[in-house]
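Kindly return the folded structure for what I paste below:
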Amino acid sequence: MYTAQSVNNSANEEKLRILITKREAQILKLISFEFSDREIGEQLFLSHHTVHSHRKNLMEKFEVRKSVGLVRKGFELGLL
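Numbering: from 1, shown residues only. As a prediction, this is how the structure comes out:
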């Protein structure tokens, strides 16, 4: 049964899927494989500072405090 809350949540989740960049999606996937910012940077030819900024932006968009929250939210949204 749908409620106003579930419809709102679905709309919010769709917005989050659209709002993350392709680079953020790449970084989210690598975070889910437990790579560090430095390791992700090496794979994507970015500085670890840039990777850290992307991680921070994802945490703000997903409203989570830790990397495990990013992974959980990534699965919930079907991004992983």
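
Tell me where the model's unsure across this structure.
1-18 (pLDDT under 70).

ranges for the helices of it?
With DSSP state H, the ranges of helices along the chain come out as 4-19, 22-32, 37-44, 48-62, 67-76.

Reformat those as JSON lines; add mean neighbour count.
Where you see a C-beta, it was placed from the backbone N, CA and C, and this is true even at glycine. Output for the helices of the chain, formatted as JSON lines (neighbours: other C-beta atoms under 10 Å):
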{"stretch": "helix 4-19", "mean neighbour count": "11"}
{"stretch": "helix 22-32", "mean neighbour count": "17"}
{"stretch": "helix 37-44", "mean neighbour count": "16"}
{"stretch": "helix 48-62", "mean neighbour count": "16"}
{"stretch": "helix 67-76", "mean neighbour count": "16"}
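
To what extent is residue 33 buried, counted in neighbours?
10 (other C-beta atoms under 10 Å).

Same question for residue 78.
Neighbour number of residue 78 under other C-beta under 10 Å is 8.

What's the separation between it and residue 42?
28 Å (C-beta to C-beta, to the nearest Å).

go on, residue 20?
22 Å.

Likewise for residue 63?
In terms of C-beta to C-beta, residue 63 sits 29 Å off from residue 42.

Kindly report the same for residue 66.
Taking C-beta to C-beta as the measure, residue 66 falls 23 Å from residue 42.

Ok, residue 51 next?
Per C-beta to C-beta, residue 51 is found 10 Å from residue 42.

Give me the common contacts of the two.
Residues touching both residue 51 and residue 42 by C-beta atoms under 8 Å, 6 or more residues apart in numbering: none at all.

so who does residue 20 touch?
Residues counted as contacts of residue 20 (C-beta under 8 Å, 6+ apart) are 28, 58, 61, 79.

what's the spacing between it and residue 61?
Counting by C-beta to C-beta, the gap from residue 20 to residue 61 is 6 Å.
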